[in-house]
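*Asks:* fold the following.
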Amino acid sequence: MKLSIPPALRHKRYFYLWLGLLISIAGSQMQISALFWHIRILTGEPQPLALGGIGLARILPVMVFSFIGGPVADTLNRRRILIVTQSAMALVALALALLTFTGQITIWYIYLLTAIQATAVAFDNPARQAMIPNIVPVEDLPSAFSMSSIASNAGSIIGPALSGIVIVALGQGYTYFFNAASFLAVIFALALIGPVLQDTRKSGIHLSAALDGVRFIFSRPIILSTMLMDFVATFFASANTMMPIVAKDILKVSEIGYGWLSSAQAIGSVAAGVVLSQVQNLRKQGLIFLISVVFFGFATVLFGATSAFAIAMFALILMGAADAVSTIIRNTIRQLNTPDHLRGRMVAVNQIFFQGGPQLGEVESGIVASLFGVPVSIISGGIGCIIGAGFIVLKWPQLRTYNGDEHLQRKAPED
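*Replies:* Residues are numbered from 1 along each chain as shown. Got it, this is the predicted structure:
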């Protein structure tokens, strides 16, 4: 395949945002990996429930504030919202760094600051994802979502890999400090982008406006089924939380090895994203989406069953590639089937599914690991992912037959 510049990157404003996100996500992923390692060190011994607590701290604010974040993104200026949320997340990372440098950090400080940062994310995600169709034309949206996936996953390679190096060379606190600095890249990109036009119809920031987003999603089976599939897959097959225990106590590797394990899924995701960014007019999207979810489950089982570092890396890379394919397709489906004045609310409800799955899955995997061991937790999660996908396809068979050009055959309702 001859590689060419992806269409989305030819749009200057999207390129600025993409580059800023690439830098910022690398910093955020560095922090996430460092947090898991930090908790493992603070507890002094393997405690899966302590690691699972991070998932709870990250998802509860999202579940509480997402219903507000959606109407906010559809009512207020999305670019200005991003400037506020990115600044707030930078301050949280800086607080983590200062507490670590001064020796005052505890698990409970980590939980609290993680929850505050998650609150900012609840407003950041709807505004950011809803803004992309405002700066990229419809025909280039699949390319934009592929590139967003590449930015996310390239950052997920760079960040965790650097986290191990930074912890060894400089100390734990510097991972948080570098993350705080990385948010400046997005803020600078937003300054370069300038004003962004969006649908001027105001929904208002109230419960009825939030419920409009819920009603819209439940009236669109193709959107609802992809959200449920996302939740089920990531709830059962969430292996990242157990990564410090897998690395230190099963695979017997150091901080450097842990960093590479944490980056492995992103390596597969970037490879898949590069391939999909070159594909135009992708069809049979529903079938490809389902195959990728099942493949993700099988790769999770392989990861949980091995005690060899090389096989674990291979399984994680396969998981990442499958996850990238499903992420790109489901984001394309949702954005193309949602009118602009509802996009913020659609994304807000969706983030409960795509963040709720892995974060609640971290709690679930922690409980199962405490009762039956880490390998059983991971293997059973992969099996649960496959079974859950089967039930969803039986309930919504139209997901399997979705082609990808349905939005061209009918005008999206303006509700």
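*Asks:* quick one: low-confidence parts of the protein?
*Replies:* 1-3, 44-49, 51-52, 200-207, 237-241, 278-282, 354-363, 404-415 (pLDDT under 70).
*Asks:* which residues in it form strands?
*Replies:* Assigned by DSSP state E, the chain shows no strands.
*Asks:* from residue 29, how far out is the closest residue to residue 34 other than its chain neighbours?
*Replies:* Using CB to CB, 6 or more residues apart in numbering and skipping the chain neighbours, the partner closest in space to residue 34 is residue 175 (3.8 Å). Yep, even glycine has a C-beta here, placed from its N, CA and C like the rest. Distance from residue 175 to residue 29, counting by CB to CB, to the nearest Å: 10 Å.
*Asks:* what touches both of the two?
*Replies:* residue 163 (CB atoms under 8 Å, 6 or more residues apart in numbering).
*Asks:* just confirm the residue nearest to residue 34 contacts residue 30, I think it does.
*Replies:* Yes - proximity of residue 175 to residue 30 meets the contact threshold set by CB atoms under 8 Å, at 5.1 Å.
*Asks:* shared neighbours, these two?
*Replies:* 162-163, 166.
*Asks:* what's the closest of the residues you listed to residue 229?
*Replies:* residue 163 (30.4 Å; CB to CB).
*Asks:* give me the neighbour count for the spatially closest residue to residue 121 that is not a sequence neighbour.
*Replies:* Distances taken as CB to CB, 6+ apart place residue 62 nearest to residue 121, at 6.5 Å, with adjacent residues excluded. Using other CB atoms under 10 Å, residue 62 has 22 neighbouring residues.
*Asks:* show me where the stretch 301-415 of the chain has its helices.
*Replies:* All helices of the stretch 301-415 of the chain, identified by DSSP state H, counting those that start in this stretch, fall at 309-336, 340-372, 374-395, 398-401, 406-409.
*Asks:* relative to residue 211, which of those is closest?
*Replies:* Closest approach to residue 211 among the helices of the stretch 301-415 of the chain (CB to CB): helix 340-372, 9.0 Å.
*Asks:* contacting residues for the residue nearest to residue 15 when sequence neighbours are not counted?
*Replies:* Excluding the flanking residues, the one nearest residue 15 by CB to CB, 6+ apart is residue 9, at 5.1 Å. Contacts for residue 9 (CB under 8 Å, 6+ apart) come out as 15, 18, 143, 147.
*Asks:* residue contacts, the residue nearest to the last one when sequence neighbours are not counted?
*Replies:* Excluding its sequence neighbours, the residue lying closest to residue 147 (CB to CB, 6+ apart) is residue 8, at 5.0 Å. Under the criterion of CB under 8 Å, 6+ apart, the contact list for residue 8 reads 14, 18, 136, 140-141, 143-144, 146-147, 277.
*Asks:* take those and write them to a markdown table, including neighbour count.
*Replies:* What follows is these, written out as a markdown table (neighbours: other CB atoms under 10 Å):
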| residue | neighbour count |
| --- | --- |
| 14 | 25 |
| 18 | 20 |
| 136 | 24 |
| 140 | 19 |
| 141 | 18 |
| 143 | 25 |
| 144 | 27 |
| 146 | 29 |
| 147 | 28 |
| 277 | 24 |
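*Asks:* out of the contacts of residue 9, who's nearest residue 126?
*Replies:* Nearest to residue 126 among those is residue 18, at 18.5 Å by CB to CB.
*Asks:* the closest one touches residue 145, doesn't it?
*Replies:* No - here residue 18 does not reach residue 145: they are 11.2 Å apart, not a contact under CB under 8 Å.
*Asks:* I'd like the distance between the closest residue to residue 338 other than its chain neighbours and residue 161.
*Replies:* Nearest non-adjacent residue to residue 338, counting by CB to CB, 6+ apart: residue 346, 4.7 Å away. Applying CB to CB, the value for residue 346 to residue 161 is 34 Å.
*Asks:* more neighbours, the two?
*Replies:* Set residue 346 next to residue 161 and count neighbours by other CB under 10 Å: residue 346 wins out with 28 against 24.
*Asks:* which residues does that one contact?
*Replies:* With contacts defined as CB under 8 Å, 6+ apart, residue 346 is in contact with 70, 130, 213, 216-217, 223, 334, 338.
*Asks:* go again using 10 Å as the cut-off
*Replies:* Residue 346 makes contact with 70, 73-74, 126, 129-130, 212-214, 216-217, 220, 223, 227, 334-335, 337-339, according to CB atoms under 10 Å, 6 or more residues apart in numbering.
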